[in-house]
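[1] Here is my input; please provide its structure:
(one chain, ligands or ions: 2)
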Amino acid sequence: MLIIGIAGGTGCGKTTVVNKILHELPEGEVGIISQDSYYKDTTHLSFNERVKINFDHPTSIDFDLLINHLAKLKAGQSIHQPVYSFVKHNRTGDTIFTHPRKVMIVEGILILTNPKLRDMFDIKIFVHADSDERLIRRLKRDIAERGRDLNEVLTRYQNTLKPMHNQFIEPTKEFADIIIPNNKHNTVAIDIVKTIITDRL
Ligand SMILES: Nc1ncnc2c1ncn2[C@@H]1O[C@H](COP(=O)(O)OP(=O)(O)O)[C@@H](O)[C@H]1O
Ligand SMILES: O=c1ccn([C@@H]2O[C@H](COP(=O)(O)O)[C@@H](O)[C@H]2O)c(=O)[nH]1
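    Residues are numbered from 1 along each chain as shown. Ligands and ions are numbered 1, 2, ... in the order given. Reported below is the predicted structural model:
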């Protein structure tokens with residue numbers, strides 16, 4: 001199994017890049033693990049308490065479960081990947097039965113911050129987009145898909161996203177084997193990643 005970690009700040013285009021890689025490789029050979037599925041379970045908290053959580057800090061992620069699940073997949077076992085709701089700020093209680101594949105992609109803003117998880121990746125990729133580009137994309141996406149309004153996204157960006165990005169996410173760029181510039185759609189980079197994956201399989 002080839003395990004690929006894809007990191008980068010919110011809105012840089014990780015999910016988009018992953019979908020393009022998925023599209024380029026034979027069906028059934030690639031599986032996806034999203035870091036977002038591993039936000040800590042917060043069922044014991046009220047909605048108002050959950051809204052106050054810093055979702056851009058490494059402590060918000062259940063890395064033990066994520067590492068445990070990835071190790072199981074590597075050992076050939078299937079897992080029940082939690083499903084996360086950005087609207088509820090919590091796991092839904094549902095799971096996706098995820099089978100081991102030849103290529104497993106793990107994507108998320110904080111996946112390169114954890115040394116144990118980082119060591120499990122055969123290839124580490126960091127997707128880069130400028131902060132203004134990421135903010136614009138995040139605004140559009142969160143309003144359209146995640147039930148947010150303009151004020152909420154901007155306030156969270158200033159108070160949490162920007163400082164957390166600078167403190168935790170941007171520094172993990174140094175661990176990357178490949179940095180994909182993604183201010184614009186980058187088909188050349190996707191082709192290169194596809195070639196590297198195909199060569200390693
Ligand atoms: N290179 C790009 N150019 C323009 N828009 C993009 C690009 N990559 C992604 N997007 C858009 O930006 C938004 C955030 O992208 P997404 O892949 O969800 O980012 P991430 O998973 O890193 O948060 C989506 O609406 C997506 O369609
Ligand atoms: O309940 C939640 C959990 C996370 N977020 C935000 O999501 C992004 C990470 O997702 P991307 O797809 O990489 O953008 C992170 O910046 C969190 O702030 C949330 O809004 N609510």
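[2] how about the residues of the protein near ligand 2?
    If contacts are counted using CB under 6 Å from any ligand atom, the residues of the chain sitting beside ligand 2 are T10, G11, K14, D36, Y39, F55, D56, F86, H89, I109, L161. C-betas here are computed from N, CA, C, even on glycine.
[3] Out of those, name the two that are farthest from one another.
    Within the residues of the chain next to ligand 2, two members stand farthest from each other by CB to CB: K14 and H89, at 19.8 Å.
[4] what about those two, which has more around it?
    Set side by side, K14 and H89 show more neighbours around K14, with 26 against 18, by other CB atoms under 10 Å.
[5] Surely the more buried one touches G108?
    Yes: between K14 and G108 a contact is recorded at 7.3 Å, counting by CB atoms under 8 Å.
[6] which neighbours do the two share?
    Shared contacts of K14 and G108, defined by CB atoms under 8 Å, 6 or more residues apart in numbering, comprise I6, A7.
[7] show me where this protein has strands.
    Along the chain, the segments classed as strands by DSSP state E run 2-7, 30-34, 79-85, 90-98, 103-107, 123-128, 178-181.
[8] Reformat those strands as TSV; add mean pLDDT, distance to T195 and mean neighbour count.
    Formatted as TSV, the entries for the strands of the chain read as follows, by pLDDT from 0 to 100; distance: least, CB to CB, whole Å; neighbours: other CB atoms under 10 Å:
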stretch	mean pLDDT	distance to T195	mean neighbour count
strand 2-7	98	13	24
strand 30-34	96	15	21
strand 79-85	97	28	17
strand 90-98	96	26	14
strand 103-107	97	13	23
strand 123-128	98	12	22
strand 178-181	97	12	16
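[9] can you count the residues close to Y39?
    Counted with other CB under 10 Å, the burial measure for Y39 works out to 22 neighbours.
[10] any idea of the pLDDT on it?
    Confidence at Y39, expressed as pLDDT, is 98.
[11] check contacts around it.
    Applying CB under 8 Å, 6+ apart, we find Y39 in contact with F55, S60, I61, D62, Y84, N90, R91.
[12] residues contacting the spatially most central residue of the chain?
    For the chain, G108 is the residue whose C-alpha lies nearest the centre (CA atoms, centre = their mean; 1.6 Å). The neighbours of G108, taking CB under 8 Å, 6+ apart as the test, are I6, A7, K14, S34, Q35, D36, Y38, I61.
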